[in-house]
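Novice: here is a sequence with its predicted model. Questions after.
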Number of protein chains: 2
Amino acid sequence: MALYVFKFGGTSVGSVERIKAVAEKVKKAHDQGDQIVVVVSAMSGETNRLIGLAKDIQQQPNARELDMLVSTGEQVTVALLAMALEEIGCPAFSFTGGQVKILTDSSHTKARIRDIDDSRMRAKLNQGKVVVVAGFQGVDEEDNITTLGRGGSDTTAVALAAALKADECLIYTDVDGVYTTDPRVEPKARRLERITFEEMLEMASLGSKVLQIRSVEFAGKYNVALRVLSSFTEGNGTLITYEDTQMESALISGIAFNRDEAKLTITGVPDKPGVASKILGPIADANIEVDMIVQNIAEDETTDFTFTVHRNDFQRAKASLEKTCAELGAKKVTADDNIVKISIVGVGMRSHAGIANTMFQTLAAEGINIKMISTSEIKISVVVDEKYLELAVRALHAAFKLDQAA
Amino acid sequence: MALYVFKFGGTSVGSVERIKAVAEKVKKAHDQGDQIVVVVSAMSGETNRLIGLAKDIQQQPNARELDMLVSTGEQVTVALLAMALEEIGCPAFSFTGGQVKILTDSSHTKARIRDIDDSRMRAKLNQGKVVVVAGFQGVDEEDNITTLGRGGSDTTAVALAAALKADECLIYTDVDGVYTTDPRVEPKARRLERITFEEMLEMASLGSKVLQIRSVEFAGKYNVALRVLSSFTEGNGTLITYEDTQMESALISGIAFNRDEAKLTITGVPDKPGVASKILGPIADANIEVDMIVQNIAEDETTDFTFTVHRNDFQRAKASLEKTCAELGAKKVTADDNIVKISIVGVGMRSHAGIANTMFQTLAAEGINIKMISTSEIKISVVVDEKYLELAVRALHAAFKLDQAA
């Protein structure tokens, strides 16, 4: 007898009909004799509806009360799913986060899980019941309701799987797995059977919005086997685990890209210690997140400094940087928001030289100029003109033979 | 410094604007230096919306899960009201029933309160905060969410007032108090400054749907001074207390009526011991509630037996009674659903003879035939043809001088 944690997001439980469909899927698994814990999100639209009500009342809603409010969304879903299961003859029992109990710190709207008591869930599982748990929520030491932040239901599922030592944590979503790249850009993109936690982290943070990055970190930390699969179609999805000998031996696993960034450069900065913090300090103070950072030393004892920010922050970042430019006596600021970041990701590149070179040659062969490069252990990212996105992704997908199973 | 418990029903918190208006009212009281606990219902329509979802999934929704579901309605309101209070500079703190904690038995959807822990509320009151509590809900020993049944928010308010030894429990509603009779029938109906618990119980059960009868019983039992007043207009409403020397010395306090009943008579029943249970047993078995019961012994050793039921149960009750009639060898069944019950209520009648006579004479003077009479300590009820309702109520209102303050 295995124990599985299933997680269904807001779209999967977005209507009475879909909740019934989820119940059928859960019952099927339960009928095989396995123990099932189901974590659910609020019905799609519900969390936004509640936040809308709050904002009509308080522009900056009180964080404790906001958690009290939005946590009702998941509470509604657990009750309805438990009813749907009972209705088709599958015994079920619902829990709020507090009832479980999922103990968190007191950072309302972005709480962190401290401890999970598995005893009440175990007792119900041992009675042969499906346990239905409200995602995204917990309680602090004072019994105040907390939430883990948006998308936190994935984190709940992984945390419960860790606490219960589940055999697998299955995240049902509206995609059927993790792909080598976005199929809308490269129709030859292929679903991966497996991917490592590290690769998944790089893919997720780069825009393959399949899983909440925090839940992947969590799964990696507690070694929870995580599977991403579709609520709406059959299939095995993609298993996210530690690297092991059965792993596909591909050099790279996928190509991620991000259209949401903009690039800013300040040139001719007098090169003195502390110059980086003088440039980025005002950006950070303005609450603007910086992604890639590249610095080159020029020959004339000045330095050129380039970084990327989210496009939403582009104008603010540019204004800030122009002020800094004047203060530092630097030469000038150039800015470009018609760029895209493309990254190749793979644990295989750690032990193989030449990956970067293949990437650069492939882009050069297509006449694509690289504007910025940054690398990590298992990732190489380049910034190119936005217009080259599709061309670059397809060329790289072919060059690394991602359309062929390893 | 006084301590007040306020209760606002679903209509009073039915929109963002109304929640803001409630917050203003509460702040005004809090600004006077008093301690305020506010009990709120779900926003109007919300409970029905949730029950609708449940019934789309399970025809007979699982009671535990239904409580889990509908309790979210009040949880939403407490969070929004706490935000509205904070927004206007009035510190507030919300509680679910479980957080308080309001301990109940495990009778889901109709739980009874066993115990209320006042310590967490006291702590917040002592910090100068308005305490906002979700009505209608509690938790059982196993931390399962329970509900007190519909309208149970009144009961929550009274129970909290008793636990906190509040100076007064103010029930804000959409009427501005208890009237001598329904003003839609008698425009001269007058708001009562005071009424006793016993009178209120008789008025409530007879159709003056101002307060949940259970909350009045509760208030009487724990001697909680209860005030009914309007959310939307200014005014003192009606205070419901024990009879005391300041009490208005009117003979009767009000006239209640009920249009929802139907009358059934079985005649010529052989008069033997146990005949009443033979007649009413099958009615009770069919889950039909009986209100008035009158039995007369006829001279030929048979008996006539009359009772009233809700009109919704009329056809079923009639069919049952006809079967009983055949079994008992009784003469016949007559049935009438064009009736109305009119009752005069007042603690004053205990010590005054002649009240009944005044009532009967008044009706006779208007040519109204009385079809059934039943009396209690503080109430006399008659059944008359429905068409006489307005005439009878107005004549009695005048006869007992209810339009004049005592």
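Specialist: Thanks, I have the structure now.

Novice: measure A:Thr308 to chain B for me?
Specialist: Per Cβ to the nearest Cβ, to the nearest Å, A:Thr308 is found 37 Å from chain B. C-beta coordinates here come from the backbone N, C-alpha and C atoms, glycine included.

Novice: just the buried residues of the strand or helix carrying that residue, please?
Specialist: Element membership of A:Thr308 [criterion: DSSP states H and E] is strand A:302-310. The neighbour-count check on strand A:302-310 (16 or more other Cβ atoms under 10 Å in any protein chain shown) flags A:Thr302, A:Thr303, A:Asp304, A:Phe305, A:Thr306, A:Phe307, A:Thr308, A:Val309 as buried.

Novice: export those residues to a markdown table and tack on distance to A:Asn357 and pLDDT?
Specialist: Formatted as a markdown table, the buried residues of strand A:302-310 follow (distance: Cβ to Cβ, whole Å; pLDDT from 0 to 100):
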| residue | distance to A:Asn357 | pLDDT |
| --- | --- | --- |
| A:Thr302 | 30 | 84 |
| A:Thr303 | 27 | 85 |
| A:Asp304 | 24 | 87 |
| A:Phe305 | 26 | 88 |
| A:Thr306 | 22 | 92 |
| A:Phe307 | 25 | 93 |
| A:Thr308 | 23 | 94 |
| A:Val309 | 29 | 94 |
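
Novice: and these, which is closest to B:His108?
Specialist: Set against B:His108, the nearest of these by Cβ to Cβ is A:Val309 (53.2 Å).

Novice: among the buried residues of strand A:302-310, which two are most distant?
Specialist: Across the buried residues of strand A:302-310 (Cβ to Cβ), the longest gap, 22.6 Å, separates A:Thr302 and A:Val309.

Novice: helices of chain A, residue ranges please.
Specialist: Along chain A, counting by DSSP state H, helices occupy A:16-31, A:46-57, A:63-87, A:97-100, A:119-126, A:152-163, A:197-205, A:213-221, A:275-285, A:314-328, A:355-365, A:389-399.

Novice: would you put the C-alpha positions of the fifth one in CSV?
Specialist: Extracted as CSV, the C-alpha positions of helix A:119-126 are listed here (Å, rounded to 0.1, in the frame of the first residue of the first chain):
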residue,chain,number,x,y,z
SER,A,119,-1.5,12.3,13.6
ARG,A,120,-5.0,13.5,12.7
MET,A,121,-4.4,12.8,8.9
ARG,A,122,-2.9,9.3,9.8
ALA,A,123,-5.9,8.5,11.9
LYS,A,124,-8.3,9.2,9.1
LEU,A,125,-6.2,7.5,6.5
ASN,A,126,-6.1,4.4,8.7
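
Novice: just checking, what packs against the lowest-mean-pLDDT helix or strand in chain A?
Specialist: One helix or strand of chain A scores below all others by mean pLDDT, DSSP states H and E: helix A:197-205, with a mean of 81. For helix A:197-205, the elements it packs on are helix A:213-221, strand A:238-241, strand A:254-258, strand A:339-345, judged by 3 or more Cβ pairs under 8 Å, 6 or more residues apart in numbering or on different chains; DSSP states H and E.

Novice: out of those, nearest to B:Phe95?
Specialist: Proximity to B:Phe95 (Cβ to Cβ) singles out helix A:213-221 among the helices and strands packed on helix A:197-205, at 29.6 Å.

Novice: average pLDDT for the closest one?
Specialist: Averaged over helix A:213-221, pLDDT sits at 84.

Novice: in it, which residues are buried?
Specialist: For helix A:213-221, the neighbour count (16+ other Cβ under 10 Å) marks A:Ile213, A:Arg214, A:Ser215, A:Val216, A:Glu217, A:Phe218, A:Ala219, A:Gly220 as buried.

Novice: in CSV: those, plus distance to A:Leu391.
Specialist: As requested, the buried residues of helix A:213-221 are exported to CSV (distance: Cβ to Cβ, whole Å):
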residue, distance to A:Leu391
A:Ile213, 28
A:Arg214, 34
A:Ser215, 33
A:Val216, 30
A:Glu217, 33
A:Phe218, 37
A:Ala219, 35
A:Gly220, 34
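
Novice: which one of these sits closest to A:Val333?
Specialist: Distances from A:Val333 to those, taken by Cβ to Cβ, are shortest for A:Ile213, at 31.3 Å.
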